[in-house]
Each structure stands twice: as C-alpha cells, then as structure tokens.
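Enquirer: Predicted model and sequence below, questions to follow.
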Amino acid sequence: MLRPYAYRRFKMTYAFTFDASACSGCKACQEACKDKNNLPVGVMWRRVIEVSGGGWVQAGKAWTNNVFAYNLSIACNHCVHPKCAGVCPTDAYVHRADGIVYIDPSKCMGCGYCSWACPYNAPRYNPELGQMSKCNFCFDNIDAGLPPSCVAACPMRVLNFVEVDDIQSSIVNGQWSELWELPASEHPFPLPNNSRTEPHLMVKPHVAMGNNLEKKISNYEEIRPKHQKSEMPLVAFTLLVQMAVGAFWAAQWMFTLLWNLVEFDAWLLRLVPYLIIGACLGLGGFFSFAHLGAKRNAWRAPFHLKKSWLSREILLFGLFGAGWLAGFVLPETKWVTSLLGIGLIYSMAKVYRLHVMPAWNTWRTTVGFFITSALLGHVLMWGVLAYETQFTGINISSAILAGITVVFLVAELGLLLSAKESAPRAVNKLRGGLIVAAIIGAVITASQFTLWNTVTVFALVLIEEIIGRWLFYRALQDRAF
C-alpha cells in the first residue's frame, strides 16, 4: 500500500495518485473541489473523464462483445516543468518548494495563454473573476496537515497523494506508473502523448488501459471548458498589427517615386500612410486589451521576458509603436523600426509555436505570419498610393506593384494547398477562391491602376486572411480536453 500524506516539519514534493482499476466514477472528488473552491457553474479544476470503447464482434456463429469503460480523475498535475508558469507574461504563477503550482490573482490579467500551453488544459477561465484559475493542491490544507479536499472526499480511496521522496520503488514498479518518469507516449489515454512537463501523477492502470481497441472520451461535453474566451479579438489584433508592420515596410519604398515627382509641398501626402499605420496599431492594441479578463493587471504584461514569448511580443509591440512615433521627427529611425517589425512578427509566431499544439508548432506558422504581414501591408499601401495619385495627377506604373502582390498571393495559396486537411473543405475552397480572385484582380490592376481596383484587391485579401486566421484559432477546439 502506498504511503499517503505524512506530517513533517519540512517540505517534500507532492504527487497525486489515482487507482483507475477501482474508481467507480462517482465524481465526489470533482464536486468536493468545486465546493471547497467556490467555483462557478462550468468551471472545473478537477474532472473525472469517462473513457469507453469496444462493441459486438462475431466469432463464428456466435456474437460476443469487448466493451470496456474506465475513469480517470485529473486536475492540475503540478508538473516538474510547468509550462503554464513558463509562458505566463505577468509571471503570475508561483512554484513552491514542495512542487505545488498556483496562480497569484494579484498578477493574472486573464489572457488565457497558460491554458493553451498546458498539455492538460488545467488552467480554466473564471468569468466571475476575469482571471485564470486552477487546482492549487489545496495548499492551505497541506500547510495545516490535512489532505486536499478531493482526496478527502473520495469514498473508494482511489484518489490520494504521496510525497515523491517517500515512494517505495518496489511497490511502484509492481503496480503503479510514475508518469513523471515515463515518456508521454506511454501515458494512459486520454492523457496527451506529446507532453514534456513530467506531471506529478501516479496511476494504477485499469486493465482496459492496455488494450489496443479504439478509445474515446464519453463525457467530453461535460469536461470541456464552458467559459472559453472568444479568440475573435486576437484575430483582429494579429491581423491589424501584422498589416501595420507590413505597411510600414512597404511605405519605405512605395511612395518615394511619387513624392520625388510632386512639385508642391507634399507633407500631407507623406503623413497619410503613417497615420493609417498608426490607426492599425492603435486598433490592434485596443482589441488585444479588450481580450483580457483582468485589465487592471495589463501593465504587468512585459514582466516575464526571460521565458515568455508573449511578454517579448508585447515589448516589441510597444517598441515598434515608439519607433513609428519617432519616425515623424527622426526619419532616419525608420530602418530601425523596420527591424523591430521583423522582431515583432517573429515573436508573434513564437507565441503560437507550442509543443502541445501540433497544428501551430510548425514552420508554417512563422512563414504564414510573415507572408500575411507583407501581403496585407503591401495591398493596403497600394490602395493608399492609388488614392494619393488622384491628387497629384501623376501616373505611376503599377506593373511592379501588381507583380509583388501576385507573388505574395501565390505563396499564400501554396501554404493553403500544402496544408494538411484539417479545416472544412468548403471553407478551404472559399478561401482558395478568394486568393485566385485577388490574383486576377491584381493582374487587372496592373493595366488599370485605379482606386476601385486596388480597394477590391485589398478587400479580397482581407476577407481571405480573416478566414485563414479564424481557422488558425479553430485548432484549439480539436484538443482532447
């Protein structure tokens, strides 16, 4: 028998233990957790996952079945390497000496990034607080020499916890699996097979965990987060900021010929592109701020530059904005700002290069973000150029601009066609059709350089990019739990 919690004067590293072979699925642990932590409806720190599979099979003239079912009670695993703590931009996670990981509510801004990075989706958004929340191992009970509420409530005594240094290896090796010692590929279903966090969880397997039959989560609708944050503000933020950066790059060369040919004071014409870029930056920042649940803590966002790519993205966003402002009085700083833009787009991509999100953790994310930035910025400034030529009366050849647009669109189409089929086919066809229509529009605009044609191309590209970015965030729905 495993030795449960021990009362000592010094701290150990704790781990939950779960005997899947004897769990009845009563969910007393789940309810005790909600009651102790006063969690609102739809927010669950501990979840009892019901797994089932099998069916009827024919053996000669007889029919038999191989139906099976088992339960897995899981909360935060207080991992050896908690990814949630590593990515948090406000450094709101506290990792105690005894291995317990919890959220400091005075720092959390409710961005939800930790839930993306956690392989077990343990952090949950609490709409009443506007912040992320998760199992804290009932450390107040632990400090008082008491077990966590979920452990105390289990009538079958299948859920328990131990001090890692106290585990008797001879007992463990015979019946239990120390998941922090095993590669994720050997963890029981439905635990993710790509985790690298080394979860502090021990499982005594149910006999069905080792069969080769297809397994599925039977109560997925019960355990999935009910208060998921809408990612539409992030769709707007990423596209607007990427468009602003791409437009800044394009503006450095696209207007030079026009302004050199203008014989009157063109200060207002020079101002228009940069005001539009600033508007995109400001609007993008607004949507990013609106996405936060606890906006009062937003000022802490750049506080975790050492580990969090989100902190770095936010810092570079601020530096790029400062560079945009400096460009009004110090034009020579615009090349530095352009380099900051490259860093900003790269950091944006790194935010999403999470190992637990295979759909995001690919070179396609980085390349796609740069193509989107260059494409949106180019066609936006192309439209501004068409607008300004109406005031100058100077006809500029649009063949080169159209050619650049076509190159970017072909690259975008190539990414779409080479992607694995994960999005609805009808949506992909619509997006592909919009890209082809934009290519045709760019070719037409090469010979008929009018404001209407450039606006049409921009609208087609923008709609296509919105669909693509919506599909990008849709990958979050494909997570197991």
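Expert: The structure has been received and is ready for your questions.
Enquirer: Over to the nearest residue to Ala69 once chain neighbours are set aside. Which of the three states is it?
Expert: Nearest residue to Ala69, sequence neighbours excluded (Cβ to Cβ, 6 or more residues apart in numbering): Ser52, at 4.3 Å. In this view, the C-beta of every residue, glycine as well, is placed from N, C-alpha and C. Three-state assignment for Ser52 (DSSP: H, G, I helix; E, B strand; the rest coil): strand.
Enquirer: Wait, Ser52 touches Glu214, no?
Expert: No - using Cβ atoms under 8 Å, Ser52 is not in contact with Glu214, being 10.1 Å away.
Enquirer: ok, these two, which is more surrounded?
Expert: Using other Cβ atoms under 10 Å as the criterion, Ser52 and Glu214 rank with Ser52 on top: 15 against 9.
Enquirer: residues touching the nearest residue to Lys27 once chain neighbours are set aside, list them.
Expert: By the measure of Cβ to Cβ, 6+ apart, the closest residue to Lys27 outside its immediate chain neighbours is Val48, 4.7 Å from it. Val48 is in contact with 23, 25, 27, 29-30, 71-73, 219, 223, counting by Cβ atoms under 8 Å, 6 or more residues apart in numbering.
Enquirer: ok, what's across the strand from Val48?
Expert: Counting by DSSP bridges, Val48 is bridged to Ser73.
Enquirer: Could you report the separation of it from Asn219?
Expert: According to Cβ to Cβ, to the nearest Å, Val48 stands 8 Å off from Asn219.
Enquirer: out of the contacts of Val48, which is most surrounded?
Expert: In terms of neighbours by other Cβ under 10 Å, those top out with Cys29 at 27 neighbours.
Enquirer: which residues touch that one?
Expert: The neighbours of Cys29, taking Cβ under 8 Å, 6+ apart as the test, are 46, 48, 73, 150-151, 153-154, 159.
Enquirer: Helix or strand: which one has it?
Expert: helix 28-37 (DSSP states H and E).
Enquirer: mean confidence score for that helix?
Expert: Helix 28-37 carries an average pLDDT of 96.
Enquirer: for the helix or strand containing Ile277, the distance to its chain's centre please.
Expert: Using DSSP H and E, Ile277 maps to helix 267-290. Taking Cα atoms, centre = their mean, to the nearest Å, the mean C-alpha location of helix 267-290 is offset from the chain mean by 26 Å.
Enquirer: Now the element after that helix, going C-ward?
Expert: Per DSSP H and E, the first helix or strand lying C-terminal to helix 267-290 is helix 309-326.
Enquirer: Pull out the buried residues from that next one.
Expert: Going by neighbour count (16 or more other Cβ atoms under 10 Å), the buried part of helix 309-326 is 309-317, 319-321, 323-324.
Enquirer: swap in stretch 455-463?
Expert: 455-458, 460-462.
Enquirer: the helices in the stretch 301-450 of the chain, which residues?
Expert: For the stretch 301-450 of the chain, the helices defined by DSSP state H, counting those that start in this stretch occupy 309-326, 334-352, 363-392, 399-418, 425-447.
Enquirer: just for the stretch 351-481 of the chain, where's the confidence low?
Expert: Within the stretch 351-481 of the chain, the ranges that satisfy pLDDT under 70 run 392-395, 421-422, 480-481.
Enquirer: Recalculate using a threshold of 80.
Expert: Applying pLDDT under 80 to the stretch 351-481 of the chain flags the ranges 389-397, 420-424, 478-481.
Enquirer: Ramachandran coordinates for the residue most central in space within the chain?
Expert: With distances taken as Cα atoms, centre = their mean, Trp116 lies nearest the centre of the chain, 4.6 Å away. Torsion angles at Trp116 (phi, psi; degrees, to the nearest 10) stand at phi -70, psi -40.
Enquirer: again with Glu178
Expert: According to degrees, to the nearest 10, Glu178 has phi -90, psi 100.
Enquirer: show me the residues around the closest residue to Asn428 other than its chain neighbours that make contact.
Expert: Distances taken as Cβ to Cβ, 6+ apart put Leu416 closest to Asn428, at 6.7 Å, once the chain neighbours are dropped. Residues near Leu416 by Cβ under 8 Å, 6+ apart: 428, 431-432, 435, 468.
Enquirer: So what's the predicted local confidence for the residue sitting furthest away from the middle of the chain?
Expert: Using Cα atoms, centre = their mean, the residue of the chain lying farthest from its centre is Lys61. It sits 52.0 Å away. According to the prediction, Lys61 has pLDDT 85.
Enquirer: Okay, strands next: where are they in the stretch 51-200 of the chain?
Expert: Under the criterion DSSP state E, counting those that start in this stretch, the stretch 51-200 of the chain carries strands at the ranges 56-59, 62-65, 68-74, 93-95, 101-103, 124-126, 131-133, 159-163, 177-178.
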